[in-house]
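Undergrad: How does the following fold in three dimensions:
(one chain, ligands or ions: 1)
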Amino acid sequence: MAARPLRFREKAAAVRFVLALAWRADRRRLALLLTTQVVMAVGQGVALLALRDVLAHSAAVSDDRGRLAATLTGLVVLGAVGVVSSVTQVCTGVWEQVLKLKTEALATDRVATAACAVELAAYEHPDFHDRVERAVSTAEQHTTTLLTSGVSVLRAITGIVAVTVAVVLTAWWLFPLVLLAALPSVRVAVARQRRNFGLRAELAENRRMRRYLLWLLTGRAPAQEVRAFDLAEPLRDRLVRRFREAVDKETVFVRHFARRALVARLFGDLFVATTVVVLLVMLSRGWLALPTVLAALAATYLLSTQLRMAMRMSETAGGTLLFVADLRDFTGGPPAAPAADPEEFTTLSTDRISFHYPGSGRPALREVTVELRAGEVVALVGENGSGKTTLAKVLTGLYRPDSGTVSWNGEPVTDPARLRTASAIVFQDFQRYKMTAADNIGLGHADGADDTAIAAAAELAGAAAVLENLPRGYRTTLSPELPGGVDLSLGQWQRVALARAFFRDSRFVVLDEPTAALDARAEADLFSRIRKLYPGRTILLISHRLLTVRDADHIIVLHDGEVVEQGTHDDLMAHGKHYAELYLIQAAAYSDVPTYPVRPGRVSG
Ligand SMILES: Nc1ncnc2c1ncn2[C@@H]1O[C@H](COP(=O)(O)OP(=O)(O)OP(=O)(O)O)[C@@H](O)[C@H]1O
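TA: Take a look at the predicted model:
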């Protein structure tokens with residue numbers, strides 16, 4: 001977010017953005033709302049002139065009956081204006097409320113669309129998280145605040161214009177006086193707005209951390225660890241400290257501007273009081289007639305109230321402009337391309353790709369060159385942190401390499417979305433959606449969920465028996481936090497994640513530690529049937545359990561971000577280096593024969 005105040009052009013663009021959103025959300029109510037603001041404001045000016053004329057007329061009529069009739073007519077006119085204004089206010093209140101809700105829904109949808117169109121790597125930047133958080137809260141609050149305060153500003157401004165016309169027709173010289181009375185408050189409002197921009201940006205990280213700490217203290221997922229490790233106290237301490245920091249800064253800000261606003265207000269009131277005294281003096285000297293003085297007093301009151309309201313509302317609107325401009329920027333990127341149909345491939349390869357995570361000095365992948373052929377089961381092995389998951393994410397289009405190319409059938413891929421469409425991936429830290437079992441399996445499928453296909457995918461993943469026996473079968477919500485919801489064991493969840501990958505008809509399937517939580521029988525079953533389960537598809541299997549990947553067509557060994565070996569199990573065992581060492585360490589654990597070390601010293605490449 002820009003720390004500087006916005007230029008006029010940027011402010012206008014932000015206002016246009018909100019108006020366009022509201023227009024798209026509900027054009028009929030927006031039009032009604034804007035029109036009534038203008039009509040009501042004009043009505044005020046008309047009522048003022050009517051008041052002056054009624055007073056003048058009743059003063060001019062000599063007999064009592066005539067004076068009474070004129071006064072009554074005036075009162076009826078004013079009463080009618082009052083009734084129409086009350087009814088209109090109630091109606092506009094309803095229109096405004098509905099329009100706000102619809103605009104908020106549309107703005108939030110824009111944020112979600114924009115966030116999902118951003119590449120995964122953006123999530124590694126703290127700035128991006130700040131932007132998303134700001135965009136979400138702007139969509140929820142500031143957009144509608146700008147809309148409602150903008151409507152009030154419009155009403156106040158048209159009111160000022162209407163009353164000014166009435167003033168000019170009554171006592172024109174009052175206008176500059178009232179304007180001067182408002183000037184100090186305008187200056188304070190502008191200064192406050194500017195400082196507010198800076199303060200929000202300063203406190204963005206603080207707010208994000210507070211939300212995170214609060215989630216740790218109240219969320220279901222962290223609840224068990226917070227209790228097991230007695231973390232409540234230290235976490236609460238941190239939360240309190242963060243709050244104190246925010247409250248201190250906000251208090252300094254509020255106090256400083258309250259003082260300045262008070263001085264400005266007293267100055268303005270003094271000016272208005274002086275104007276009133278001048279009017280009374282003019283009346284006593286006979287320079288002005290009583291009706292004119294009364295109308296002028298009413299106009300002074302109305303004008304200064306309208307000016308104050310315009311100022312307050314434009315301060316509120318102004319305070320939101322920077323956020324809205326930021327939101328406009330966030331949602332203004334090119335729309336995500338519609339998902340193309342998955343394409344067939346014969347080879348998926350990388351040529352000397354390197355990748356490093358933002359903020360990390362060490363590359364996670366270095367000059368990696370691999371080739372996967374259609375229909376193969378390829379295993380990716382290596383120690384923790386060797387780059388397996390990162391390589392899988394590059395191959396599935398979730399990350400763009402810093403250098404080197406990923407090729408599809410030998411042709412370099414420029415749009416990673418093409419890779420994403422063709423892939424299904426079961427992550428190590430897969431998602432557990434707080435939705436029904438059917439949704440957890442079929443949600444990602446463009447054609448929508450087909451019950452038979454969902455059941456078939458669950459069957460293949462070994463999840464069918466568990467899911468069928470849930471209270472509402474596949475319609476059971478998988479979250480005990482929701483009514484009627486239940487939880488699954490970690491292994492059962494993993495089967496659901498596998499079913500999700502089965503359901504997605506992709507040519508390329510990545511299974512990242514797919515059996516970490518499965519029991520021995522389920523694991524052995526998955527690996528022995530993997531080719532049957534994914535017929536004709538290419539599978540990249542990441543696993544630390546080397547005994548289970550020995551049947552893979554091709555094994556790629558990563559070490560510290562580099563490919564150090566590749567080949568079949570037999571090739572690599574014969575090579576007797578990195579893979580063989582890791583394999584024999586594990587094999588030894590299941591055997592009485594001490595087979596490790598293969599040879600003295602460390603091997604690589
Ligand atoms: N989001 C991230 N930001 C910064 N560095 C990261 C991030 N994710 C991974 N890394 C680093 O990149 C390197 C490769 O990580 P990666 O997750 O690809 O390893 P891995 O081989 O899959 O490990 P494991 O076997 O533990 O799953 C590691 O050094 C890791 O610390």
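Undergrad: Count the residues that sit near D570.
TA: D570 is flanked by 9 other residues according to other CB atoms under 10 Å. (Glycine included, C-beta is placed from N, CA and C.)
Undergrad: same check, this time on the one 5 residues further on
TA: Counted with other CB under 10 Å, residues neighbouring H575 total 16.
Undergrad: who in the chain is up against the ligand?
TA: 124, 357, 360, 364, 382, 384-390, 428 (CB under 6 Å from any ligand atom).
Undergrad: and those as TSV, adding neighbour count and pLDDT?
TA: As requested, these are exported to TSV (neighbours: other CB atoms under 10 Å; pLDDT from 0 to 100):
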residue	neighbour count	pLDDT
E124	13	64
Y357	14	88
S360	9	81
A364	24	93
G382	24	90
N384	6	90
G385	14	91
S386	21	93
G387	23	93
K388	26	93
T389	20	92
T390	22	93
Q428	15	82
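Undergrad: can you list those in a markdown table and add secondary structure?
TA: Supplementary listing: the residues of the chain next to the ligand in a markdown table, determined by DSSP: H, G, I helix; E, B strand; the rest coil:
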| residue | secondary structure |
| --- | --- |
| E124 | helix |
| Y357 | coil |
| S360 | coil |
| A364 | coil |
| G382 | coil |
| N384 | coil |
| G385 | coil |
| S386 | coil |
| G387 | coil |
| K388 | helix |
| T389 | helix |
| T390 | helix |
| Q428 | coil |
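Undergrad: In the chain, where is pLDDT below threshold?
TA: Where the chain drops to pLDDT under 70, the residues are 1-5, 61-62, 67, 121, 123-124, 126, 333-343, 444-449, 517, 590-605.
Undergrad: which residue lies farthest from the center of it?
TA: Most distant residue from the mean C-alpha position of the chain: D63, 70.8 Å away (CA atoms, centre = their mean).
Undergrad: Would you enumerate the residues in contact with the residue most central in space within the chain?
TA: With distances taken as CA atoms, centre = their mean, V136 lies nearest the centre of the chain, 3.2 Å away. Contacts for V136 (CB atoms under 8 Å, 6 or more residues apart in numbering) come out as 108, 111.
Undergrad: Next, give phi and psi for the nearest residue to V413 once chain neighbours are set aside.
TA: Excluding the flanking residues, the one nearest V413 by CB to CB, 6 or more residues apart in numbering is V406, at 5.0 Å. The phi/psi pair for V406 (degrees, to the nearest 10) reads phi -110, psi 130.
Undergrad: got the contact list for V406?
TA: So V406 contacts 348-350, 353, 394-395, 397, 412-413, 419 (CB under 8 Å, 6+ apart).
Undergrad: Give me the buried entries from those residues.
TA: Among these, those classed as buried by 16 or more other CB atoms under 10 Å are 348-350, 353, 394-395, 397, 413, 419.
Undergrad: So which of those are in helices?
TA: Judged by DSSP state H, the subset of the buried ones among the contacts of V406 located in helices is 394-395, 419.
Undergrad: re the thing from before, from L51, how far off is the residue farthest from the centre of the chain?
TA: 22 Å (CB to CB, to the nearest Å).
Undergrad: and the closest residue to A56 other than its chain neighbours, helix, strand or coil?
TA: In space, and not counting its chain neighbours, A56 is closest to P291: 4.2 Å by CB to CB, 6+ apart. State at P291, reduced to three classes by three-state DSSP: helix.
Undergrad: ok, which stretches of the stretch 301-450 of the chain are strands?
TA: Taking DSSP state E, counting those that start in this stretch to define them, one finds strands in the stretch 301-450 of the chain at 347-355, 365-373, 377-381, 403-408, 411-412, 423-426.
Undergrad: Which residues does the last one contact?
TA: For strand 423-426, the surrounding residues in contact (CB under 8 Å, 6+ apart) are 392, 395-398, 494, 497-498, 500-501, 504, 506-512, 514.
Undergrad: re earlier: could you give the number of residues near the residue nearest to A56?
TA: Neighbours of P291 under the rule other CB under 10 Å: 19.
Undergrad: Equivalent analysis for the one 4 residues further on, please.
TA: Residues within reach of A295, counting by other CB under 10 Å, total 25.
Undergrad: Now do it against T346, distance only.
TA: From A295 to T346 the distance is 88 Å (CB to CB).
Undergrad: what's the answer for L327, then?
TA: For L327 relative to T346 (CB to CB), the value is 45 Å.
Undergrad: got it, and L55?
TA: Distance from L55 to T346, by CB to CB: 93 Å.
Undergrad: what about the two, which has more around it?
TA: The neighbour comparison of L55 against T346 (other CB under 10 Å) goes to L55, with 21 against 11.
Undergrad: residues touching the nearest residue to that one once chain neighbours are set aside, list them.
TA: Distances taken as CB to CB, 6+ apart put P291 closest to L55, at 3.5 Å, once the chain neighbours are dropped. Going by CB under 8 Å, 6+ apart, P291 touches 52, 55-56, 59.
Undergrad: what does P401 give?
TA: The contact partners of P401, by CB under 8 Å, 6+ apart, come to 350, 353-355, 365, 394.
Undergrad: if we can go back for a sec, most neighbours per residue, which of the strands of the stretch 301-450 of the chain?
TA: strand 377-381 (a mean of 25; mean count of other CB atoms under 10 Å).
Undergrad: If you count contacts, what does it end up packed against?
TA: helix 388-395, strand 538-542, helix 546-549, strand 554-559 (3 or more CB pairs under 8 Å, 6 or more residues apart in numbering; DSSP states H and E).
Undergrad: How far does the longest one sit from its chain's centre?
TA: This means helix 388-395. Centre-to-centre, helix 388-395 and its host chain are 27 Å apart (CA atoms, centre = their mean, to the nearest Å).
Undergrad: just the angle between that helix and strand 365-373, please?
TA: Here the directions of helix 388-395 and strand 365-373 differ by 60 degrees (axes from the mean of the first three to the mean of the last three CA atoms, to 10 degrees).
Undergrad: what's helix 388-395 in contact with?
TA: Contacts for helix 388-395 (CB under 8 Å, 6+ apart): 120, 348, 350, 353, 355, 357, 364-365, 368, 370, 372, 380-382, 399-401, 406, 419, 423, 425, 427-428, 508, 510, 512, 540, 542, 558, 561.
Undergrad: Give me the neighbour count for A464.
TA: So A464, with other CB under 10 Å, has 18 neighbours.
Undergrad: Same check on V87?
TA: Per other CB under 10 Å, the neighbour tally for V87 reads 10.
Undergrad: The helix or strand hosting it: what's the following helix or strand?
TA: Using DSSP states H and E, V87 maps to helix 64-117. Where DSSP H and E defines the elements, the next helix or strand beyond helix 64-117 is helix 126-137.
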